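Enquirer: I'll drop the sequence and a predicted model, then ask my questions.
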Amino acid sequence: MEGFIDGLNGIIWSKGLIYLCLGAGLFYSIQTRFAQVRHVREMLRLLFKRKNADAGISSFQALAVSLSGRVGVGNIAGVAAAIGFGGPGAVFWMWVVAFLGASTAYAESTLGQLYKVEEDGQYRGGSAYFFERCLGWRWLGIAFAISAVVACGIFLPGVQANAVGNAVTQIFGDGTMVDTVLGRVGTHKLLGLGAILALLGVIIFGGIKRIAQFAEFVVPFMALGYIILALIVVVINIDKLPGVFSLIFSDAFNAQAGFGAAIGWGVKRGVYSNEAGQGTGTHAAAAAETEHPAQQGLVQAFSIYVDTLLVCTATALMILITNQYNVQGTLPAGQFIVQNLPAATEIGSAAFTQMALQSTFGGFGPVFVGVALFFFAFTTIIAYYYIAETNIAYLNRFFKRGLPLVVVKLVIMAMVAYGTINSAGYIWNLGDIGVGIMAWINIIGILIIFFMAKPTMLCLRDYEAQLKAGGPITFDPIKLGIKNASFWEKRAAAKK
């Protein structure tokens, strides 16, 4: 089975998907005249504009929900894997995919907000919704919804839980035998698993409002605390910082692990971490209460910067500045190009990050990473549930006997348990397959939408014109020639 999963992962994450991710980001960057740079000030202003309704959540809450999905184990264990397999140069390509991906995030999130609907007293939307409403391709909406339910409900939660289990193992060792039934499962993993499941059940049974309130409170403190600790590590080793940046840039094009490995792992882990182009961020974007669809597109573009340029960079600098990493070559198998740590150190885990902090803070370092991973993983699993829930709701409009949401909740909990006790490589490959399938469907879909209708560009130009005129900010899709944006059509008609 593992051989089949490895092979499938290699097919999905071929050079085609890597260049598609980078190409789509570059395309939208040019089309929007690099809105991700021009509108940074506006992004910050919108973040703290409190506006929500009974059916929706605020822009900041939507950002927090999307960040809870973006800021996860990919920022800690994923960055370590990118360096371990792709070399320090992979970090540069993570930056590239973040910069370009911010424009992709603007496009897909604006579409999510533009074509959202109000169902059962709350806003819902996402890639499945706008594929159907904008293109009229219900089959593509169904295909994306199925891929999202499988990826976010089955494949991806296990990755998050697995990282927590491995981090706790790094702290306590292999653990003790529990009994003949549990075999190699240590008590430390069971404790981590129990904590995740207990809190997870409380939150996901409360719907988007409770998810948003929890994410709004936890995510900013979680990310800020992690970045502060990373800054301390960097300041203590500040004399090494120029050399680290020099290594990242030089290795990006003259990679020790090979140029293909550097760009491949950098893009793969960058997309996994910041989710630009996956279509996952569109769901939280659709749930927000805004004055104009472009506003939430800009807010979600900023979330890419927070995820990769801040949190991922913090991890990379800690690992590289303390020299706590190995780089593994492809041929012969298992050979190290760079070896600073014991060969048994798990590359696909958070071990590099824990050792980097341990070298500075002693025993506190690995414990802090374990705690950070718990919260990063927990909030991400919650975001995955919300995405799965939204796509189940979409599918239930056509398949009235679809699985009830309670089954999805139980499946996610089961996958958390499964992921905690299985090997990192196997679980990460499952997660990569889920991410890759969604990315293929979503990126091709939003590019087709651009060439057929250009709604994202119409929204951006309209919003920029209103900003230049000094407001007030309004939105009428009919005036712009945008069809089937029924939520906004009704709102515009009500204001006349």
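Expert: The structure has been received and is ready for your questions.
Enquirer: tell me which stretches of this protein form strands.
Expert: Ranges of strands within the chain are 117-119, 122-124, 326-328, 336-339, based on DSSP state E.
Enquirer: mean pLDDT added to the ones you listed, as JSON lines?
Expert: Below are the strands of the chain laid out as JSON lines (pLDDT from 0 to 100):
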{"stretch": "strand 117-119", "mean pLDDT": "86"}
{"stretch": "strand 122-124", "mean pLDDT": "85"}
{"stretch": "strand 326-328", "mean pLDDT": "84"}
{"stretch": "strand 336-339", "mean pLDDT": "82"}
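Enquirer: wait, which of these is closest to A161?
Expert: Counting by CB to CB, A161 lies closest to strand 326-328 out of those; the figure is 24.4 Å. Bear in mind the C-beta positions are built from the backbone N, C-alpha and C, glycine included.
Enquirer: ok now that closest one, how far from the chain's centre?
Expert: Centre-to-centre, strand 326-328 and its host chain are 25 Å apart (CA atoms, centre = their mean, to the nearest Å).
Enquirer: what does stretch 94-101 give?
Expert: Worked out by CA atoms, centre = their mean, stretch 94-101 lies 13 Å from the chain centre.
Enquirer: list the contacts for the nearest residue to G365 once chain neighbours are set aside?
Expert: Closest residue to G365 apart from its sequence neighbours, by CB to CB, 6 or more residues apart in numbering: L357 at 2.8 Å. Applying CB atoms under 8 Å, 6 or more residues apart in numbering, one finds that L357 lies in contact with 229, 233, 318, 364-366, 368-369.
Enquirer: just the helices in the stretch 301-450 of the chain please.
Expert: Counting by DSSP state H, counting those that start in this stretch, one finds helices in the stretch 301-450 of the chain at the ranges 313-321, 351-361, 364-396, 405-420, 424-452.
Enquirer: swap in the stretch 101-250 of the chain?
Expert: Counting by DSSP H, counting those that start in this stretch, the helices of the stretch 101-250 of the chain are 127-130, 138-150, 156-172, 187-204, 207-236, 241-253.
Enquirer: give me the mean pLDDT for the third one.
Expert: Pointing back at helix 156-172 there. Average pLDDT, helix 156-172: 67.
Enquirer: just use 38 as the starting number from now, easier for me
Expert: With the count now opening at 38, the last piece we talked about shows up as helix 193-209.
Enquirer: just the buried ones from the contacts of L394?
Expert: Buried members of the contacts of L394, scored by 16 or more other CB atoms under 10 Å, are 266, 270, 355, 402-403, 405-406.
Enquirer: any chance of those in JSON lines, plus distance to L45 and pLDDT?
Expert: Formatted as JSON lines, these follow (distance: CB to CB, whole Å; pLDDT from 0 to 100):
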{"residue": "L266", "distance to L45": "37", "pLDDT": "85"}
{"residue": "V270", "distance to L45": "38", "pLDDT": "90"}
{"residue": "M355", "distance to L45": "33", "pLDDT": "91"}
{"residue": "G402", "distance to L45": "36", "pLDDT": "75"}
{"residue": "P403", "distance to L45": "34", "pLDDT": "73"}
{"residue": "F405", "distance to L45": "36", "pLDDT": "77"}
{"residue": "V406", "distance to L45": "31", "pLDDT": "72"}
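Enquirer: which pair in the residues you listed spans the largest distance?
Expert: Of all pairs in these, the most separated under CB to CB is V270 and P403 at 13.5 Å.
Enquirer: can you get me a residue count around G158?
Expert: For G158, the neighbour count with other CB atoms under 10 Å is 8.
Enquirer: again with S51
Expert: Using other CB under 10 Å: S51 sits among 13 other residues.
Enquirer: again with V255
Expert: By the criterion of other CB under 10 Å, V255 has 17 neighbours.
Enquirer: mind checking how far the closest residue in space to it that isn't next to it in sequence is from A522?
Expert: Closest residue to V255 apart from its sequence neighbours, by CB to CB, 6+ apart: T416 at 5.9 Å. From T416 over to A522 the distance is 31 Å, taken as CB to CB, to the nearest Å.
Enquirer: thinking again about what came up before, I'd assumed F258 was in contact with the residue nearest to V255.
Expert: No - using CB atoms under 8 Å, T416 makes no contact with F258, being 11.0 Å away.
Enquirer: who has more neighbours, the two?
Expert: T416 (27 against 10).
Enquirer: before we move on, back to that, would TSV of the helices of the stretch 338-487 of the chain with distance to V187 be doable?
Expert: Below are the helices of the stretch 338-487 of the chain laid out as TSV (distance: least, CB to CB, whole Å):
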stretch	distance to V187
helix 350-358	28
helix 388-398	29
helix 401-433	9
helix 442-457	10
helix 461-489	7
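Enquirer: A322: which of the ones you listed is closest?
Expert: helix 401-433 (11.3 Å).
Enquirer: buried ones in that closest one?
Expert: Neighbour count says helix 401-433 has 402-433 buried, by 16+ other CB under 10 Å.
Enquirer: thinking again about what came up before, now render the strands of the chain as a markdown table, adding mean neighbour count and distance to I67.
Expert: Shown next, in a markdown table, are the strands of the chain (neighbours: other CB atoms under 10 Å; distance: least, CB to CB, whole Å):
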| stretch | mean neighbour count | distance to I67 |
| --- | --- | --- |
| strand 154-156 | 15 | 31 |
| strand 159-161 | 21 | 31 |
| strand 363-365 | 21 | 34 |
| strand 373-376 | 15 | 36 |
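Enquirer: I470 reaches I42, doesn't it?
Expert: Yes - using CB under 8 Å, I470 makes contact with I42 at a distance of 7.0 Å.
Enquirer: looking at those two, which has the bigger crowd around it?
Expert: Taking other CB under 10 Å, I470 and I42 do not tie; I470 has more neighbours (20 against 16).
Enquirer: return the residues in contact with the more buried one.
Expert: By CB under 8 Å, 6+ apart, the residues touching I470 are 42, 45-46, 49, 188, 192.
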